[in-house]
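> heads up, no residue letters with this:
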C-alpha cells in the first residue's frame, strides 16, 4: 500500500503588534484552504503563529505579556475557526503558539513555546513544548532588538514525544520541534529513536544576528544545511515553516522548506510573505536508508556516547 | 595572539592491490612536501592510506589479510620515511591505517581501523580507533563488491578522545574521526563537549551504493551537507580527506574538503587523484559562535536526551 501524503508548508508573512488574532486566523484559514485545494492533507504553520515574534521586545509588565501574546486555551473562541475549517476540509495541521498553563492553586502560571499536532478531524493529537530556547533572559538595551525566549518561556517539560498520526489515509509516526531545535541533533535523534518518520518545525529567525555581525546569506546557509542533514541522518521527512518578513521594522528570513529523507530540498518558499508550498511525501522513501546506512541498531554505539548526557557544556579534557 | 594554522588535505588517488607500501609512502612524502611548500604546518591524509580499500573484498585467509593490509607497528621500517620527513619539515599530520594490535599471550590479535595524530617533531600524539564501522560481516557474493568493515575490524575501544596538539606555533584541541563517523552527530558532539577545535577525518567512499541504486551525485551531496553541518553545529574546523578514484576497477569519490566553523567549505579537491588543498584555519573564528548560538552550557538539555544512550536502535514508542 502506498504511503504517500501530500504535505504543505504555509509560511506566514509579518504579523505586526497591531494585528489582532482574528486577522491572523483568517490568513491561516485562507492558506489551509489553498493547501487543501492543491491536494495537501497536512499543513505545517509557523512557530508563535498567532502573534508577532514578541521575544524581540523587553516588556516590564508580565501581565500585559500574558494577555497579549499567550493563549490560555487552545482552541479558543478566536482560534476555533482554524480547527473548524481543518475538520471541514479533512486536513490536519501543526501550529505553534505561546502557551499559558495554569499553575497549581496559588502558584504562578507556566509559559511555554508550544506546538500542537491537530488531526484532520480538528482534534488535538499531541503537544510539544520547546526544549532548546535560544537567546537570553536579561535586558540588552544596547542591542538593536532582544531575543528573550529565556525570559518569557520555561524549558519544555514534555521531552521529545512522538505521536501516531493519520491524515490523507496514511498512518505515520510524527514528531514536533520548534525553531532553534533545528540546530540541535540531540532532539532529532531522540525523535528518530522513537521511530519518527516525519518531523514538523515552525520558526521565526531574524535576518540579522543579534549578537555579532554575520552575513544574512550565511544565516540562510546554516538553516539549509541543518535542515538537509537532520532529515538525512534521521531518515525523516522534515517540514520547516517560517514566519517571515518585516514585523514592525524587524526582518526575518523565509526559506521555508520541505526536505526528503535523502537530504534533498523538494520545496522551498521564495517570498517573505504568506506563501504555500506543497510536496508529496512518500513515507516509504527512507526504507532503504533505514535498512542500511542509518540502521541505527546495527551501527550506533551508545557505550561511547556517555558524555552526551553526562556533560552539559564544554569542558576541555584532552587525553594527553 | 593570532591562532592561525595553515592546514592541508592531501587526497590520495587510487592505491591498487599491486602497489607496495613503499610506493604509497613516496606519494605521501611528496604531498607532505607540497603542503609544506604551500605553507601548511598540518596535513590530513586519508583513512587506510597505505593500502587499497581492502574491505571491498572477501578473503578467506585471515593470516593473508593481516599480512597484506595491517600494520603491526607504527612507524615501521617502510612507513618511517613519512615520519622522518614530517620531522625534517616541521609539519604534523593525521593518517589512517589498519592496526594489528597483539592480543594477550595465546589470545587472538585485535584489528582496528585506526588513525593517529603525529606532531611536527614526528612523534605520535594520539590515536583513535573507528567506532562507527559501516557495512556488513557476511559474504554477499551477489553484490558487485563488499563492504566488510564489520568483518575485518573490531569496534574502536578508545571512545572519542581529544588531544592537546601544537603545530605551526598554534596550540589547539584536536579530535579524530574516520570515514563513516562523519554521518553520526553523536561522535562529533562527544568531541565538541571535550573542547575540540579541529576535527580531522579520512575516508574511502564508493561512488556506487553497494546496497541499492542511488545517484552518485546524491552521495556527494550527503557528504557535503554532513561535513558543513557537523562543522557548524560543533563550532569546529573540519578536514575531511578522501582516498579517491578507481582502485582495481572500483571507483570512489573525492571531494576532500576543509570546512570552517561557519559551515562554509573553504577548500575542496576537484580530482580523483593525488591532490593537495590548503587553507588558513583561524582557530578563533568560532569564538562568537561558541559564546552565543552554540554555547553548549547555556542551551543543551541533557535531562531530555536520555534515549541517546538508553536505546541503540529504533523502537516505535509513540506517546499516544
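Yep, that arrived. All of these numbers come straight from a predicted model, not from anything done at the bench. Residues are numbered from 1 along each chain as shown, chains lettered A, B, ... in the order given.

> Excluding chain neighbours, what is closest to residue A:210?
The spatially closest residue to residue A:210, leaving aside those adjacent along the chain, is residue A:147, at 5.2 Å (Cβ to Cβ, 6 or more residues apart in numbering or on different chains). Where C-beta positions appear, they are placed from N, C-alpha and C, glycine not excepted.

> So that neighbour is in contact with residue A:209, correct?
No: counting by Cβ atoms under 8 Å, no contact exists between residue A:147 and residue A:209, whose distance comes to 9.8 Å.

> mind listing what the residue in the stretch 151-300 of chain A that chain B sits nearest to touches?
Residue of the stretch 151-300 of chain A nearest chain B, by Cβ to the nearest Cβ: residue A:297 (2.5 Å). Residue A:297 is in contact with B:312, B:313, B:314, counting by Cβ atoms under 8 Å, 6 or more residues apart in numbering or on different chains.

> Buried ones among those residues?
Among the contacts of residue A:297, those classed as buried by 16 or more other Cβ atoms under 10 Å in any protein chain shown are residue B:314.

> now, which of the contacts of residue A:297 lie close to chain A?
Taking Cβ under 8 Å from any Cβ of the partner chain, the overlap between the contacts of residue A:297 and the neighbourhood of chain A is B:312, B:313, B:314.

> now the second one: how far from residue B:155?
Note on residue B:313: its distance to residue B:155, by Cβ to Cβ, to the nearest Å, is 15 Å.

> same question, the first one
In this structure, residue B:312 and residue B:155 are 12 Å apart, going by Cβ to Cβ.

> now swap in the last one and tell me
With distances defined as Cβ to Cβ, the gap from residue B:314 to residue B:155 amounts to 20 Å.

> What is the neighbour count of the closest residue to chain B within the stretch 1-150 of chain A?
Closest approach of the stretch 1-150 of chain A to chain B (Cβ to the nearest Cβ) occurs at residue A:131, with a separation of 5.1 Å. When neighbours are defined as other Cβ atoms under 10 Å in any protein chain shown, residue A:131 has 26 of them.

> element containing the nearest residue to it once chain neighbours are set aside, please.
Closest residue to residue A:131 apart from its sequence neighbours, by Cβ to Cβ, 6+ apart: residue A:156 at 4.5 Å. Using DSSP states H and E, residue A:156 sits within no helix or strand.

> Next, count neighbours for residue A:156.
Residue A:156 has 24 neighbouring residues, counting by other Cβ under 10 Å.

> before we move on, what about residue A:299?
The burial count for residue A:299: 21, using other Cβ under 10 Å.

> mind checking pLDDT for it?
At residue A:299, the model reports a pLDDT of 98.

> Please report how far it lies from residue A:290.
11 Å.

> For residue A:23, give me its contacts.
No contacts exist for residue A:23 under Cβ under 8 Å, 6+ apart.

> Tell me which helix or strand in chain A has the weakest average pLDDT.
Least confident helix or strand, chain A: helix A:62-69 with a mean of 94, by mean pLDDT, DSSP states H and E.

> quick one: buried residues of it?
Neighbour-count burial for helix A:62-69 flags A:65, A:66, A:69 (criterion: 16+ other Cβ under 10 Å).

> Contacts made by that helix with the rest, please.
The contact list for helix A:62-69, computed with Cβ under 8 Å, 6+ apart, reads A:48, A:51, A:54, A:59, A:98, A:100, A:109, A:111, A:152.

> contacting residues around residue A:288?
By Cβ under 8 Å, 6+ apart, residue A:288 lies in contact with B:211, B:212, B:214.

> mind checking the SS state of the residue nearest to residue A:210?
Per DSSP: H, G, I helix; E, B strand; the rest coil, the secondary structure class of residue A:147 is coil.

> How about the contacts made by it?
The contact partners of residue A:147, by Cβ under 8 Å, 6+ apart, come to A:55, A:56, A:134, A:135, A:136, A:206, A:210.

> Now do the helices in chain A.
In chain A, the helices defined using DSSP state H lie at A:21-37, A:62-69, A:80-89, A:149-152, A:185-193, A:216-233, A:287-291, A:296-299, A:307-310.

> Please identify the deepest-packed of the ones you listed.
Highest mean neighbour count among the helices of chain A (mean count of other Cβ atoms under 10 Å in any protein chain shown): helix A:185-193, with a mean of 26.

> For the residue nearest to residue A:274 when sequence neighbours are not counted, give me the pLDDT.
In space, and not counting its chain neighbours, residue A:274 is closest to residue A:13: 4.8 Å by Cβ to Cβ, 6+ apart. On pLDDT, residue A:13 comes in at 98.

> does residue A:4 have beta-bridge partners, and which?
residue A:282 (DSSP bridges).

> What is the neighbour count of the residue lying closest to residue A:233 once chain neighbours are set aside?
Closest residue to residue A:233 apart from its sequence neighbours, by Cβ to Cβ, 6+ apart: residue B:183 at 6.1 Å. Close neighbours of residue B:183, defined as other Cβ under 10 Å, add up to 20.

> Residue B:183: what's it in contact with?
Shown in contact with residue B:183 (Cβ under 8 Å, 6+ apart): A:233, A:293, A:294, B:132, B:222, B:226.

> Return the residues of the stretch 1-150 of chain A in contact with chain B.
Residues of the stretch 1-150 of chain A that fall close to chain B, judged by Cβ under 8 Å from any Cβ: A:125, A:126, A:131, A:132, A:133, A:134.

> Tell me, how many residues neighbour the fifth one?
Pointing back at residue A:133 there. 27.

> I'd say it and residue A:180 touch.
Yes: counting by Cβ under 8 Å, residue A:180 is a contact partner of residue A:133 at 7.0 Å.

> Could you point out which residue ranges in chain A have low pLDDT?
For chain A, applying pLDDT under 70 flags the ranges A:1.

> Would you check that residue A:10 makes contact with residue A:44?
Yes: counting by Cβ under 8 Å, residue A:44 is a contact partner of residue A:10 at 6.8 Å.

> shared neighbours, those two?
Here residue A:10 and residue A:44 have residue A:241 as joint contacts, going by Cβ under 8 Å, 6+ apart.

> what sits against the residue nearest to residue A:203 when sequence neighbours are not counted?
Distances taken as Cβ to Cβ, 6+ apart place residue A:179 nearest to residue A:203, at 4.0 Å, with adjacent residues excluded. Taking Cβ under 8 Å, 6+ apart, we find residue A:179 in contact with A:47, A:113, A:130, A:134, A:201, A:202, A:203, A:204, A:205.

> Please determine how far residue A:44 is located from residue A:35.
Residue A:44 sits 9 Å away from residue A:35, going by Cβ to Cβ.

> and what of residue A:293?
Residue A:293 sits 33 Å away from residue A:35, going by Cβ to Cβ.
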